[in-house]
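Asks: Please find the sequence and the predicted model below.
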Amino acid sequence: MSMVATTTRELVTFRVAEQWFGVPVLAVQEVLVAQRVARVPLAPREITGLLNLRGQIVTAINLHRRMELGTDPEGAPMNVVVRDGEELFALVVDEVGDVVPVPDQAFESVPPTLDTCWKGACAGVVQRESDLLAVLDPHRVLNDSTTSS
Amino acid sequence: MDDLLRDFLAESAENLAQLDHDVVELERDPSNAELLNSIFRTIHTIKGTCGFLGLDRLEAISHTTESVLDLLRQGVLRVSPEVVSDILRAVDVIKTILGGLEAKEQEPVGEDSLLIGILETWLIGEPKPEDQAWEPGLLEPLPPQVATASLAAMPAPSATAAMSVTDAILATPSGQSGDHSEIAISTPHVATGVDAATAVAASSLRVSVAVLDSLMNLAGELVLTRNQLLELCARQEGSPYGVPVQQLSRITAELQSVVMKTRMQAVGSAWGKLPRLVRDIARETDKQIELELRGAETELDRQLVQALQDPLTHMVRNSADHGIETPAVRRAAGKPEVGTISLNAYHESGNVIVEIVDDGAGIDPSRVRAKAIERGLVRREVAEGMSDSQVLRYIFEPGFSTAETVTHLSGRGVGMDVVRSNIERVGGTVELHSARGQGCTVRVKLPLTLAIVSALLVNAGGEAFAIPQSCITELVRFGGTERASIADLHGVPLFRLRNELVPVIGLSALLSLSTVTGEELKTLVICHVGSCRFGVVVDEVVDTQEIVVKPIGRRVRHLTCYSGCTILGDGRVIMILDPAGVAAMGGMQTAELRSTDSETRAAEVASVPSEAYLLFDGGSTAPQAVPLSRVARLEEVPTDRIEHADGRMVVQYRGGLLPIVTPPGVTLTSGQSRSVIVFTEGSSSFGLAVNEIRDIVEDTMQLELAPSRPGVLGTTVVAGAATEVLDISYLLARSRGEVS
């Protein structure tokens, strides 16, 4: 193994509608198949509800709505469980892909022309052979939302 | 934060909580060497540690305080209220500095030279002109430095020894010899005390609350898993897993109860600050107040202990500032000069009761009544017909204070309503009793734990919800033909619950859920929050269950209609409704409903005391009445069956003897038959012999004329005739021969 002065970051990738996203693997606690979710009436529209993960309450966030990519996942959704501070959140997505290593220099900054909703949630962009991977900042996805009160 | 600093802060916080209490205790019991030693140790530890943490300000103040304490310990300085005040002031400064350290990790800027100067006057030995802190007998022949030196030279546990010397000096001011035999006796006592303290420290362990909370969560989770296993086993006849699963079930239950115990905290930790508070108020107001604390070891969930702290402080401050009178007033009233406030905590049928009792002046109902009228809480005519205990309930209204002067201690009227809402928020209740001139008792009732509540599970709009049982008064089924019982006022639904109109909130509409239409039966859950009642319409009542309350995430925490969520036995998550939030969202401004809307409020109040009365001809010139609710039965008894025995009238009745009394001022004349109204009070019954039962009427019974003879509560107008209302407790006493 050659000693190159570059570091790579590993991203968990997932798909919401037609868009692939990535979040740092260290932020992800686990990935769950579709869960029974308790609705929370009157909650912000991107909150799918609450689910029970071995006795812990997890707030599920509908990424379709959060990222303005439609309203609901088609078929059985997957849950990417991320920890933010003391709390657990589940990102409800259509499909979970591989964990991909991305060298630091491959990260490109968020284009300034992006709309505010995306600009607030994205930490960077990574070019892949066939598409662009939007790298999300989990903390900002969970908190800085235009649709919440 | 630096580990060393964090440990220091944690330890100091623990010690300081005890310190206030100890210092105040010392003032009362100046000869308690153990106490003095413990105070000295605490300050000494703080001083020692801050030396190598480089906390100069803290070191300076604690050093001077330690020196003063050392003189006290050696008996050179006598414990006096003045020196105790100065030490308490120093303790406050130390607390402030520690608070700053915790917040900013560095010492807050401040100037303590004034206080240090005051403390140093104790060291130099300048007796303050206004007090006699120095022992004249000791001071004159020996300069203090010499006294210190000679006393410090005594053998090891010199504190007790020195204190014994002080005692001796105190007893005989001229006797300086120091009783050596007493020293010899008290030394081993100290030794055993220290041993015991060490043993306690070794058998307990400091564990962070986060660990306990996660332990609690895991135990809860284990219970859920156990429930699923039990279900599986029950389905399979003769399963080989049956016995081990039973075993697992038993152990799980035991584990859960032990884990619950770890979260329990003695209620005493909520009242650690009170001795200091009472002492300060007493000194400031020139009163003498004794604070008695009983049942400090009574345990309840730590969350509840926290919830109890502020209300307790508030109520004790009220008692000390407004309740207890000055010594002169107390003497004039024939009471001991020293007023007593006692706190009493104990367990009672699954609840924790905390009573705050003072022997002060009590609350003047007439002032409360006047204030309630003035503030428009109630109409004058209604207020005047209310009993004293009904009137006292206004104490709990927002902004209500009868204090004539606002002191910085209390009397601003932000008070008992906050106490009540704080207590009710954690599922407790608070009651107040007051006797004019004899004092006031406040009784707080709390559940043992918040983590587990008894809840009603309901369905509305296709979703399941839990409602805490503590807020529910009753369930009413309605629908179909009974729909008529829901009245409509300008589009607002109201339910006729007996003689009261209760606002109705549709849960599914409130939460924007799909409403199930149709004429099927629905259930109205009657809830109460504070003094207001309302009904919540749900589609279906499922079950009652003990549920474990879990907090909800920050993204949904702003929704006031939920107090948390819970996981059911099958793993489902459901939301727990917060009745106060639901009421507020349903448009019930609780404060508004209570105070400003005086017209409806007064009308509501007026309808409450309305009661059914039994009217009869008792043989007096006017018709008479008693509350129907107190009447057990009505009987017809021929006069000849009324016998006279032991100077009293009795009838043989259901195998026993029923004492018979007549209305006050009426003697029994012979006739064919008598109507007897039978009353039952506790275990005893008696009959009231009257000529004729007339009628039952509903009335608010506002007494218009005061009574002129015993046994009559007063006179009022019923159906156009002046009617006497009889006093049943007087009649009962007469039936027992207690009054003639």
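Replies: Structure received.

Asks: what domains does the record give for chain B?
Replies: B:3-203, B:209-262, B:266-447, B:452-599, B:610-735 (automatic domain parsing).

Asks: rank those by pLDDT, which is bottom?
Replies: Among these, domain B:3-203 carries the lowest mean pLDDT, a mean of 65.

Asks: Name the residues of chain A found near chain B, please.
Replies: By Cβ under 8 Å from any Cβ of the partner chain, the residues of chain A that approach chain B are A:36-44, A:47, A:49-52, A:54-59, A:61, A:87, A:89, A:142, A:148-149. For every residue, glycine as well, the C-beta is placed using N, CA and C.

Asks: Which of those residues are buried? Put it as a ChimeraX command.
Replies: Remark: buried members of those, expressed as a ChimeraX selection using 16 or more other Cβ atoms under 10 Å in any protein chain shown:
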select /A:37,38,39,40,41,42,43,44,47,49,50,51,52,55,57,58,59,61,87,89,142,148
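
Asks: Select from the residues of chain A next to chain B every entry located in strands.
Replies: The strands in this structure, assigned by DSSP state E, contain A:47, A:49, A:50, A:51, A:52, A:56, A:57, A:58, A:59, A:61, A:87, A:89 from the residues of chain A next to chain B.

Asks: Phi, psi for the nearest residue to the fourth one once chain neighbours are set aside please.
Replies: If you skip the residues right next to it in sequence, residue A:51 has residue A:35 as its closest partner in space, 4.5 Å away by Cβ to Cβ, 6 or more residues apart in numbering or on different chains. The phi and psi values for residue A:35, taken as degrees, to the nearest 10, are phi -120, psi 160.

Asks: out of the domains of chain B, nearest to residue A:22?
Replies: domain B:452-599 (22.5 Å; Cβ to Cβ).

Asks: Please list the residues of the stretch 401-550 of chain B that sit near chain A.
Replies: Within the stretch 401-550 of chain B, the positions near chain A by Cβ under 8 Å from any Cβ are B:461, B:463, B:511, B:512, B:513, B:550.

Asks: Of the residues you listed, which is the most crowded?
Replies: residue B:511 (22 neighbours; other Cβ atoms under 10 Å in any protein chain shown).

Asks: May I have the phi/psi pair for the residue lying closest to residue B:568 once chain neighbours are set aside?
Replies: Spatial nearest neighbour of residue B:568, chain neighbours left out: residue B:574 (6.2 Å); criterion: Cβ to Cβ, 6+ apart. Residue B:574 adopts backbone torsions of phi -130, psi 160, taken as degrees, to the nearest 10.

Asks: same question, residue B:567
Replies: The phi/psi pair for residue B:567 (degrees, to the nearest 10) is phi -110, psi 120.

Asks: hang on, residue B:556 packs against residue A:40?
Replies: Yes. Counting by Cβ atoms under 8 Å, residue B:556 sits close enough to residue A:40 to count as a contact (5.1 Å).

Asks: which neighbours do the two share?
Replies: Taking Cβ atoms under 8 Å, 6 or more residues apart in numbering or on different chains as the criterion, residue B:556 and residue A:40 both touch A:47, A:50, B:562.

Asks: Stretch A:34-41: how far from the chain's middle?
Replies: Centroid separation between stretch A:34-41 and its chain, computed with Cα atoms, centre = their mean, to the nearest Å, is 18 Å.

Asks: Grab the CA positions of that stretch and hand them over as PDB.
Replies: Taking Å, rounded to 0.1, in the frame of the first residue of the first chain, the C-alpha atoms of stretch A:34-41 are listed here in PDB:
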ATOM      1  CA  ALA A  34     -39.700  -0.700   6.200                       C
ATOM      2  CA  GLN A  35     -41.000  -0.200   9.700                       C
ATOM      3  CA  ARG A  36     -44.400   0.400  11.200                       C
ATOM      4  CA  VAL A  37     -44.500   4.100  11.800                       C
ATOM      5  CA  ALA A  38     -46.900   6.000  14.200                       C
ATOM      6  CA  ARG A  39     -48.200   9.100  12.600                       C
ATOM      7  CA  VAL A  40     -47.900  12.300  14.600                       C
ATOM      8  CA  PRO A  41     -51.000  14.400  13.600                       C
END
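
Asks: buried stuff in stretch B:47-54?
Replies: B:47, B:49, B:50.

Asks: Looking at the shared contacts of residue B:556 and residue A:40, which is nearest residue B:640?
Replies: Nearest to residue B:640 out of the shared contacts of residue B:556 and residue A:40 is residue B:562 (Cβ to Cβ; 70.0 Å).

Asks: Tell me the backbone dihedrals of that closest one, please.
Replies: Dihedral angles (degrees, to the nearest 10) for residue B:562: phi -120, psi 140.

Asks: Can you get me a residue count around the nearest residue to it once chain neighbours are set aside?
Replies: Counting by Cβ to Cβ, 6+ apart, residue B:562 lies nearest to residue B:575, which is 5.0 Å off, once chain neighbours are set aside. Residue B:575 sits with 26 neighbouring residues when counted by other Cβ under 10 Å.

Asks: for residue A:76, same thing?
Replies: 9.

Asks: Now do the same contact list for it.
Replies: Here residue A:76 is in contact with A:33, A:34 (Cβ under 8 Å, 6+ apart).

Asks: switch to 7 Å and redo it
Replies: residue A:34 (Cβ atoms under 7 Å, 6 or more residues apart in numbering or on different chains).

Asks: for residue B:63, same thing?
Replies: So residue B:63 contacts residue B:47 (Cβ under 7 Å, 6+ apart).

Asks: Over to it. Which of the three states is it?
Replies: Three-state assignment for residue B:63 (DSSP: H, G, I helix; E, B strand; the rest coil): helix.

Asks: Look up how far residue B:312 lies from it.
Replies: Distance of residue B:63 to residue B:312, computed by Cβ to Cβ, to the nearest Å: 34 Å.

Asks: And residue B:535, by the same measure?
Replies: 34 Å.

Asks: just residue B:473 next, same as before
Replies: 27 Å.

Asks: of these two, who's got more company?
Replies: Set side by side, residue B:473 and residue B:312 show more neighbours around residue B:312, with 25 against 13, by other Cβ under 10 Å.

Asks: Report the contact partners of the more buried one.
Replies: Contacts for residue B:312 (Cβ under 7 Å, 6+ apart) come out as B:270, B:271.

Asks: rerun that using 8 Å as the cut-off
Replies: Applying Cβ under 8 Å, 6+ apart, the residues near residue B:312 are B:270, B:271, B:274, B:343, B:354, B:356, B:444.

Asks: Tell me if I am right that the last one is in a helix.
Replies: If I follow you right, that is residue B:444. No. Counting by three-state DSSP, residue B:444 is not part of a helix but strand.

Asks: from memory it sits against residue B:354, does it?
Replies: Yes. Using Cβ under 8 Å, residue B:444 makes contact with residue B:354 at a distance of 4.5 Å.

Asks: Settle it for me: which of those two has more neighbours?
Replies: Using other Cβ under 10 Å, the more surrounded residue of residue B:444 and residue B:354 is residue B:354, with 26 against 23.

Asks: before we move on, the earlier item: and the contacts of residue B:312, which two are furthest apart?
Replies: Using Cβ to Cβ, the two most remote members of these are B:274 and B:444, lying 14.2 Å apart.
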